[in-house]
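In: Test case, fold it:
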Amino acid sequence: MKTIIFFFFSFLVFITSIYAQQAYLFVYVPYEESGKMMDDSISFLSDEGILTQNLLITNGTYSCFYNFYDNSIKYKQDSAKPIDLTPVMVKEYDSAGQHYGQMKLRHPALVKQVDTSCVVYKNLHEQKLYFEYSSRIAYGVNKKFFSDTLFPMKWTLIPQEKKFGNLLCKKATTFFRNREITVWYCPDIPIFDGPWKLGGLPGLIVCWIDPYSPSLLLKSMQRIDFPETIRKRIASFQAEKIPDYIAFKKTIEKSVNQLRIQLQQVHQNCVDCQTSTGKTKASLHIRIPYENIVYDFEL
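Out: Numbers count the residues shown, from 1 in each chain. I've put the predicted structure just below:
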């Protein structure tokens with residue numbers, strides 16, 4: 001298998017390969033985050049000690065994107081630090097006739113997490129998309145696939161160009177999942193796909209800039225044989241009754257409500273949750289990564 005770092009690959013070779021039904025593995029890394037590539041050429045280790053893989057495998061018709069997350073190194077580093085779960089008051093303020101207190105844990109424990117956080121399958125021929133998140137992303141929801149609309153975002157093409165290595169890219173923006181997303185796509189790579197659920201532009205998405213999800217930058221690509229397991233997995237989805245995006249949101253809401261009830265009980269029994277005027281009101285703010293679903297509750 002020959003690795004072709006995107007800074008040096010030939011557009012002519014790429015086009016020839018696409019028509020020969022070659023598949024490609026596109027490796028993305030966190031955008032503007034310091035760290036290094038590992039020896040396997042697909043893993044990125046941040047200076048903070050978090051290992052990630054962000055891979056897009058596609059043959060132009062079927063694709064699979066996944067994000068792997070491993071904080072074992074950071075966990076080992078932080079395990080030597082003292083853990084103090086006692087909440088402390090950071091700030092008190094009045095609003096709308098109520099007295100509020102903002103609290104945080106003195107030294108919270110880091111939870112070790114090694115998991116595939118996000119998986120997205122796309123069938124561009126049948127216009128289908130299937131996705132799954134781990135509990136790290138979806139707040140306790142057991143891993144389960146849901147379906148979604150393929151490329152519903154409405155792109156605005158911006159007359160700006162920027163080079164990433166030797167790739168000349170064009171800018172596009174969209175308002176999708178409650179936030180503004182900016183991408184840079186390369187018309188010289190005739191694949192209308194990208195990381196996560198993004199795609200539908202006249203070229204591969206090379207850079208994804210997002211205020212509420214992990215922004216990514218294309219690092220390299222490999223020409224590979226398309227894994228038959230991806231095609232079979234997508235075919236299995238079409239044979240099953242996969243719940244839709246509305247069902248996903250209902251599942252998330254149920255899980256968040258269960259968490260809210262648990263935290264309400266903890267807050268009611270919290271001796272240290274006191275202000276100068278008595279027990280403070282507390283609020284719960286949750287934002288689901290990728291989907292940017294936000295919940296705000298008073299405890």
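
In: so where's the stretch 51-200 of the chain uncertain?
Out: For the stretch 51-200 of the chain, residues meeting the criterion pLDDT under 70 lie at 82-91, 93, 95-110, 139-142.

In: That one: helices as residue ranges?
Out: Counting by DSSP state H, counting those that start in this stretch, the stretch 51-200 of the chain has helices at residues 72-78, 135-138.

In: buried set for the shortest one?
Out: Read it as helix 135-138. For helix 135-138, burial by neighbour count (16 or more other Cβ atoms under 10 Å) applies to 136, 137, 138. Every C-beta, even on glycine, is put in place using the N, C-alpha and C of the backbone.

In: Pull the distance from it to the chain's centre.
Out: 10 Å (Cα atoms, centre = their mean, to the nearest Å).

In: what residues does it touch?
Out: 69, 113, 115, 117-118, 141-143, 251-252, 255, 288-290 (Cβ atoms under 8 Å, 6 or more residues apart in numbering).

In: Recalculate using a threshold of 7 Å.
Out: 69, 113, 115, 117, 118, 141, 252, 288, 289, 290 (Cβ atoms under 7 Å, 6 or more residues apart in numbering).

In: now the lengthiest helix in the chain, how far from the chain's geometric center?
Out: Across the chain, the longest stretch assigned as helix under DSSP state H is helix 245-268. Centre-to-centre, helix 245-268 and its host chain are 21 Å apart (Cα atoms, centre = their mean).

In: If you count contacts, what does that helix end up packed against?
Out: strand 146-149, strand 283-288, strand 293-298 (3 or more Cβ pairs under 7 Å, 6 or more residues apart in numbering; DSSP states H and E).

In: Just say which of those strands is most tucked in.
Out: strand 146-149 (a mean of 18; mean count of other Cβ atoms under 10 Å).

In: for that strand, packing partners?
Out: So strand 146-149, by 3+ Cβ pairs under 7 Å, 6+ apart, packs with strand 128-133, helix 245-268.

In: can I get these in a markdown table with mean neighbour count and distance to residue 168?
Out: Output for these, formatted as a markdown table (neighbours: other Cβ atoms under 10 Å; distance: least, Cβ to Cβ, whole Å):
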| stretch | mean neighbour count | distance to residue 168 |
| --- | --- | --- |
| strand 128-133 | 22 | 28 |
| helix 245-268 | 14 | 35 |
